[in-house]
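Undergrad: predicted model follows, preceded by the sequence.
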Amino acid sequence: MSAKLSQILIVLSALVLFVLLFIAPKSQKAENKVAGKAATSNNSNIDLYVSMAQKVLSPELKKKMDGFATQKNYDSLVGFWDRLKRPDIASYFVEQKAVRLNTSDAWFKTGERYYYAIQFSEDKSEIPLLYQCAMRTLSKTLALNPKNNEAKILLASCYVEGSQNPMDGISLLREVEKTDSNNVKLQLAFAFFSLKSQQFDKAISRFNKVLRVDSTYIEAYLHLADAYERQGEIQQTITMLEKYSVKTPDVTARLEIEKYIKQLKSNINK
């Protein structure tokens, strides 16, 4: 990817980047084994990080937090830590609420929060723990609702990105594909893996399927442009960028894309 297109993708794309992996078949029995592993093997907790975060609070903030804690006001505790830009600690209190509710939706929300906290963690030593917390809580989601494909995709992402068992994640995604092949997040997972592994034709096919399933997902045009550019197909790159430019309501995005299109056309004519 060119530096310019990479910058545009980073700035403009609001994509949730799910698992980047190769697909392999498996059985239903194996799927149950995957969920069981995460439920039983990830016993680490985040208490130490919560304790360290609390210790550096100012007296005023500590008093405020203690008040929420005494009332067991988990929503306020989540908001408190979110405002301090500590989504990892906020996730811990989302989990405390899930313990109380013990519903599939509450555990899934917890798994999502832990997973998305990973990209904001400034302490790299915490990242493996956050993956473990995400896997543990997503496994509880699936124990209560085995048909939750969103949880399977996210759990698969954790296995591939943050564990020593990437094939377990691959197996989960294969199961989702059997029953929900039009799932946009699933297709994006496949497409991004294909890009990463330089299987550009497969990536293009997947991104095109995303657009067939959801024509409003216009960020797919940016990734199609990326795939074509990596293959040296500049005219197709321009075509995809033009389609994005026409459809985006973001004036700033349109101006950036149009400038890059001009640059590409200038290079072609040299």
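TA: Sure, I can see it. Numbering: from 1, shown residues only.
Undergrad: would you list every one of the helices in the stretch 151-270 of the chain?
TA: 166-179, 184-196, 200-213, 219-230, 234-247, 251-268 (DSSP state H, counting those that start in this stretch).
Undergrad: how far is the second one from where the chain is centred?
TA: Right, the one you point to is helix 184-196. 11 Å (Cα atoms, centre = their mean, to the nearest Å).
Undergrad: quick check: Asp168 touching Tyr159?
TA: Yes. Here Asp168 reaches Tyr159: they are 4.7 Å apart, a contact under Cβ atoms under 8 Å. Every residue, glycine included, has its C-beta placed from N, CA and C.
Undergrad: more neighbours: which of the two?
TA: Tyr159 (26 against 23; other Cβ atoms under 10 Å).
Undergrad: would you mind measuring from the more buried one to Asn165?
TA: Taking Cβ to Cβ, to the nearest Å as the measure, Tyr159 falls 6 Å from Asn165.
Undergrad: Ile261 now?
TA: In terms of Cβ to Cβ, Ile261 sits 43 Å off from Asn165.
Undergrad: more neighbours: which of these two?
TA: Using other Cβ under 10 Å as the criterion, Ile261 and Asn165 rank with Ile261 on top: 18 against 15.
Undergrad: shouldn't the more buried one be in contact with Thr239?
TA: No. Checked against Cβ under 8 Å, the pair Ile261 and Thr239 is beyond contact range at 9.7 Å.
Undergrad: which secondary element of the protein has the worst mean pLDDT?
TA: Lowest on mean pLDDT, DSSP states H and E among the helices and strands of the chain sits helix 28-41, with a mean of 40.
Undergrad: list the contacts for Ser125?
TA: With contact set as Cβ atoms under 8 Å, 6 or more residues apart in numbering, Ser125 has no partners.
Undergrad: ok, now how distant is it from Ser157?
TA: Taking Cβ to Cβ, one finds Ser125 at 21 Å from Ser157.
Undergrad: try Arg206
TA: Taking Cβ to Cβ, one finds Arg206 at 16 Å from Ser157.
Undergrad: what do you get for Trp81?
TA: The value you get for Trp81 to Ser157, if Cβ to Cβ is used, is 23 Å.
Undergrad: more neighbours, the two?
TA: Ser157 (26 against 22).
Undergrad: am I right that the more buried one is in contact with Leu188?
TA: No. Ser157 is beyond contact range of Leu188, at 10.9 Å (criterion: Cβ under 8 Å).
Undergrad: after the least confident helix or strand of the chain comes which helix or strand?
TA: helix 47-55 (DSSP states H and E).
Undergrad: hmm, who's touching that next one?
TA: Helix 47-55 is contacted by residues Lys62, Met65, Trp81, Arg86, Asp88, Ile89, Tyr92, Asp123, Glu126, Leu129 when judged by Cβ under 8 Å, 6+ apart.
Undergrad: list the buried residues for that helix?
TA: Tyr49, Val50, Ala53 (16 or more other Cβ atoms under 10 Å).
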